[in-house]
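>>> Could you work out the structure for the sequence below:
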Amino acid sequence: MAKIPTVAIIGRPNTGKSTLFNRMVGRRRAIESEVAGTTRDHVVYKIERDELDYLLLDTGGMGGGSTDKDLEKDVAKQSLLALESSDLILFTVNSKEELTASDHEIIDLLRKRKKSHVPVIIVATKCDRVDITDDLLTQYESLGIADQVIGLSATHGTGIGELEDAIVELLQKMHFSKNVETTGSDVSIPRIAIVGKPNVGKSSVVNALMSDPQRAVSPRIVSEMPGTTRDSSDTIIKHEEKEYIFVDTAGLRRKSRVDEDLEYLSNVKSIQALEDSDITILMMDATEVVAKQDKRIASMAIESGKGLIIILNKADKMSQEARKEKEFETRAALPFCQFAPILFTSAETREGFVKMFLLIESVARNRLRRIPVKALMRWYEDAVTQVPARILAKSKFITQAEDVPPTFVIFVKEPKYVSISQLRSLENNIRKTFSFEGVPIKWVTKMG
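Down below sits the predicted model:
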């Protein structure tokens with residue numbers, strides 16, 4: 001599976017970074033404000049294109065402008081990490097103003113600190129007047145730091161298409177490509193991202209999965225101190241003559257608790273690892289309550305269409321009765337992923353490891369599973385009679401798209417009248433008939 005690239009938007013405060021980010025993702029995700037220093041934490045969103053996908057990263061403003069100097073220093077360090085670690089950089093400048101000392105500071109950093117192969121696009125924002133655009137673009141080109149210069153107005157949407165095409169073109173030149181998943185029998189080695197809060201035992205489990213010779217050569221660092229794992233790393237594990245790629249990730253934290261220079265980068269790498277995986281293992285400490293961050297990770301996996309397995313680690317000292325109570329508590333806390341299997345494990349005793357591989361195999365098959373047309377139609381004809389919605393009862397056709405995870409397209413006369421609750425009823429029914437354990441199901445309604 002190809003790596004998903006990261007595209008970072010950097011620039012001084014009030015150059016329109018968040019407005020550009022929101023326009024590109026098609027929804028209001030980042031806070032827009034005229035107050036310098038509004039965006040403190042980085043916002044990441046997956047952009048999906050026909051040619052390839054990439055993670056778009058919004059950053060705080062560099063170069064000053066706020067009254068909170070401590071915050072300003074923290075933002076600058078994190079934005080510098082974004083500059084140094086991204087695969088493509090969008091440097092925003094305000095076309096309505098002359099280049100400032102802060103702009104030149106960033107220009108100097110781009111010359112000195114970015115990787116030589118990483119392309120830069122200067123994005124001249126707020127280009128509402130066509131008559132001044134050409135002169136400005138020539139001025140920006142003369143700086144000698146950019147592969148391209150593009151003028152646009154994110155507020156009005158002009159120039160956005162040109163920028164998006166330029167991003168794809170430059171990433172393709174760097175040999176990034178679309179992650180294409182096949183529903184055929186020739187399945188590549190599954191990639192499993194182990195994601196969770198810090199200190200739940202992710203690295204310990206990966207170590208325990210390794211063979212003795214492999215562990216002797218390259219063990220994962222294990223510590224009681226949260227945050228030991230700073231980056232995502234691949235480990236090939238062989239089980240019963242079959243290989244699996246386990247990706248151990250840094251612990252994902254809530255943004256309000258990201259208080260170290262490298263912490264945000266660890267979060268981005270974890271999100272990137274999740275996006276690059278086929279299956280996400282959400283690992284939690286069996287002795288702790290389900291946290292908001294656990295819910296966020298599960299949501300990210302489902303939204304990305306990944307297989308999902310919930311592992312409750314450190315369970316070796318729990319009684320069977322305690323485990324039943326914990327499973328009930330976990331299901332209640334994560335009602336939106338009832339389809340995900342729950343497994344109790346212990347890195348210390350290796351309990352649950354054999355079952356883990358069986359679940360991985362099952363989930364991998366279910367992600368690529370296709371229902372024969374006749375069987376799907378028979379199921380649907382019966383299922384719609386049990387849904388309290390006449391609009392679906394009048395529907396005559398359903399098909400399974402080629403997409404992964406399993407995606408079903410229903411043709412109805414008036415798609416806008418099909419509610420989420422009706423689709424949820426269909427999903428519960430299809431899971432009873434065809435299982436699909438461990439994978440999200442997507443529904444599409446079309447006029448027909």
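>>> Please make it C-alpha for all contacts and neighbour counts, starting now.
Fine.
>>> Tell me where the stretch 101-250 of the chain has helices.
101-113, 130-141, 160-173, 202-209, 212-217 (DSSP state H, counting those that start in this stretch).
>>> Can you get me the start-to-end distance on stretch 178-191?
From its first residue to its last, stretch 178-191 covers 16 Å (C-alpha to C-alpha, to the nearest Å).
>>> low-confidence ranges in this protein?
Scanning the chain for pLDDT under 70 picks out 1-2, 27-43, 63-79, 129-134, 179-188, 211-233, 250-267, 388-391, 393.
>>> Which parts of it belong to which domain?
Residue ranges for each domain of the chain read 6-173, 191-367, 373-447, as given by automatic domain parsing.
>>> can you put the ones you listed in a markdown table and add mean neighbour count?
Listed next are these as a markdown table, based on neighbours: other C-alpha atoms under 10 Å:
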| stretch | mean neighbour count |
| --- | --- |
| domain 6-173 | 18 |
| domain 191-367 | 19 |
| domain 373-447 | 16 |
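>>> ok so, going back, can you tell me which of the helices of the stretch 101-250 of the chain comes nearest to Thr330?
helix 202-209 (18.6 Å; C-alpha to C-alpha).
>>> Now do the closest one: which elements does it pack against?
For helix 202-209, the helices and strands in contact under the criterion 3 or more C-alpha pairs under 8 Å, 6 or more residues apart in numbering; DSSP states H and E are strand 242-248.
>>> one more time with 10 Å
With contacts defined as 3 or more C-alpha pairs under 10 Å, 6 or more residues apart in numbering; DSSP states H and E, helix 202-209 has these neighbours: strand 191-195, helix 212-217, strand 233-239, strand 242-248, strand 279-285, strand 307-313, helix 353-367.
>>> Walking through the stretch 301-448 of the chain, point out its helices one by one.
For the stretch 301-448 of the chain, applying DSSP H, counting those that start in this stretch gives helices covering 320-333, 353-367, 373-383, 390-393, 420-434.
>>> So which of the ones you listed is nearest Leu52?
Of the helices of the stretch 301-448 of the chain, nearest to Leu52 by C-alpha to C-alpha is helix 353-367, at 20.5 Å.
>>> Compute the inter-axis angle for that closest one and strand 307-313.
Computed with axes from the mean of the first three to the mean of the last three C-alpha atoms, to 10 degrees, the direction of helix 353-367 lies at 160 degrees from that of strand 307-313.
>>> Next, work out how far apart the closest residue to Gly352 other than its chain neighbours and Lys317 are.
The spatial neighbour of Gly352 that comes closest, neighbours along the chain excluded (C-alpha to C-alpha, 6 or more residues apart in numbering), is Thr345 at 4.8 Å. Remark: distance between Thr345 and Lys317 (C-alpha to C-alpha) = 11 Å.
>>> got any residues that touch both of these two?
Residues touching both Thr345 and Lys317 (C-alpha atoms under 10 Å, 6 or more residues apart in numbering): Ala286.
>>> Same list (the helices and strands packed on helix 202-209) but as JSON lines, adding distance to Gly61.
Formatted as JSON lines, those follow (distance: least, C-alpha to C-alpha, whole Å):
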{"stretch": "strand 191-195", "distance to Gly61": "29"}
{"stretch": "helix 212-217", "distance to Gly61": "43"}
{"stretch": "strand 233-239", "distance to Gly61": "30"}
{"stretch": "strand 242-248", "distance to Gly61": "31"}
{"stretch": "strand 279-285", "distance to Gly61": "33"}
{"stretch": "strand 307-313", "distance to Gly61": "36"}
{"stretch": "helix 353-367", "distance to Gly61": "41"}
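>>> Figure out which of these is closest to Arg113.
Nearest to Arg113, of those and by C-alpha to C-alpha, is strand 233-239 at 24.0 Å.
>>> tell me what the closest one is packed against?
strand 191-195, helix 202-209, helix 212-217, strand 242-248, helix 263-276.
>>> switch to 6 Å and redo it
When contacts are defined as 3 or more C-alpha pairs under 6 Å, 6 or more residues apart in numbering; DSSP states H and E, strand 233-239 packs onto strand 242-248.
>>> Okay, now the sheet partners of the strand it packs on, with direction.
strand 191-195 (parallel), strand 233-239 (antiparallel) (DSSP bridges).
>>> and those as TSV, adding distance to His117?
Shown next, in TSV, are the strands paired with strand 242-248 (distance: least, C-alpha to C-alpha, whole Å):
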stretch	distance to His117
strand 191-195	27
strand 233-239	22
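>>> Excluding chain neighbours, give the residue nearest to Asp103 in space.
Asp103 sits nearest to Arg12 (C-alpha to C-alpha, 6+ apart), 6.4 Å away.
>>> quick one, phi psi at the one you found?
phi -70, psi 170 (degrees, to the nearest 10).
>>> isn't it right next to Met62, touching?
Yes - Arg12 is within contact range of Met62, at 4.5 Å (criterion: C-alpha atoms under 6 Å).
>>> circling back to that earlier point, for Leu136, find the nearest of the strands paired with strand 242-248.
strand 233-239 (43.3 Å).
>>> got the angle for the closest one vs helix 202-209?
30 degrees.
>>> How far off centre is strand 233-239?
Computed by C-alpha atoms, centre = their mean, to the nearest Å, the chain-centroid distance of strand 233-239 equals 21 Å.
>>> Check stretch 18-27 too.
17 Å.
>>> likewise stretch 50-64?
With C-alpha atoms, centre = their mean, you get 13 Å for stretch 50-64.
>>> how long is stretch 413-422 from one end to the other?
Terminal-residue distance, stretch 413-422 (C-alpha to C-alpha): 15 Å.
>>> cool, and stretch 330-343?
11 Å.
>>> Show residues contacting that stretch.
If you take C-alpha atoms under 6 Å, 6 or more residues apart in numbering as the criterion, stretch 330-343 is touched by Leu308, Ile309, Ile310, Ile311, Glu437, Gly438.
>>> Test my guess that Met447 contacts Ile410.
No - between Met447 and Ile410 there is no contact under C-alpha under 6 Å: 8.4 Å.
>>> hang on, the earlier thing: for Lys446, see how far away the residue nearest to Asp103 is.
44 Å.
>>> With Ala82 instead?
The span separating Ala82 from Lys446 equals 40 Å under the rule C-alpha to C-alpha.
>>> same check, this time on Gly196
37 Å.
>>> Please apply the same query to Arg23.
For Arg23 relative to Lys446 (C-alpha to C-alpha), the value is 26 Å.
>>> again with Leu99
49 Å.
>>> element containing Val7, please.
Using DSSP states H and E, the element containing Val7 is strand 6-10.
>>> tell me which strands and helices that strand is in contact with?
Against strand 6-10 (3+ C-alpha pairs under 6 Å, 6+ apart) you get strand 53-58, strand 88-94.
>>> Ok, which of those strands comes nearest Asp165?
strand 53-58 (12.2 Å).
>>> Tell me how far the next helix or strand after the strand holding Val7 lies from the chain's centre.
Following strand 6-10 in sequence order, the next helix or strand is helix 17-25 (DSSP H and E). Relative to its chain's centre, helix 17-25 lies at 17 Å (C-alpha atoms, centre = their mean).
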